[in-house]
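# Model the following, please.
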Amino acid sequence: MLSSVEFGDTIVLADCEAGIGTLTRLGETPVDVVLVVVEPTPKSLEVGARAATLAKERRMGHIIVVASRIRSDADLEAIRAALPGQEIVVVPDDPAIVAADREGLAPLDTAPDSPAVQALMGVADRVMATTSA
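Residues are numbered from 1 along each chain as shown. Have a look, this model is predicted:
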């Protein structure tokens, strides 16, 4: 059983397994923001669309779609088509992310000015704006 905990100004960000299992187990637990991370692949778009629909049906919170590893306008259009009407934040495909991962380091530390890191900072800003509204 989940109990209510007062966090004040604390933000808890949970990176859950891929799929909708975590959303189904939350039941009626309220959250401020649901980030649905998708890549422009058929399977990712299918799961992302189901997750966004479930979060909306359960009124879980504000939904933000994070379009990850975007290489072209066609990639972004595929995501928009699969998740119509959703707020989308684009994170471009960026070799700096792969390089940092290979070194076991955070991209924020190795390439803070890279396009993907800057886009991820935009996601953080968007979450903060949503939770403080």
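# ok, residues contacting the longest helix seen in the chain?
Longest helix in the chain by number of residues (criterion: DSSP state H): helix 115-132. Residues from elsewhere that reach helix 115-132, judged by CB atoms under 8 Å, 6 or more residues apart in numbering: 11, 13, 32-33, 35, 62, 64, 66, 87, 89-94, 96-97, 107-108, 111. Every C-beta, even on glycine, is put in place using the N, C-alpha and C of the backbone.
# Pull out the buried positions in it.
115, 116, 117, 119, 120, 123, 126, 127 (16 or more other CB atoms under 10 Å).
# Can you say which of the contacts of helix 115-132 are buried?
Neighbour counting by 16+ other CB under 10 Å classes 33, 35, 62, 64, 66, 89-94, 96-97, 107, 111 among the contacts of helix 115-132 as buried.
# out of the residues you listed, which are inside strands?
33, 35, 62, 64, 66, 89, 90, 91, 92 (DSSP state E).
# Pick out the most distant pair among those.
Using CB to CB, the two most remote members of those are 62 and 92, lying 23.2 Å apart.
# What separation is there between residue 84 and residue 49?
For residue 84, the distance to residue 49 equals 9 Å [CB to CB, to the nearest Å].
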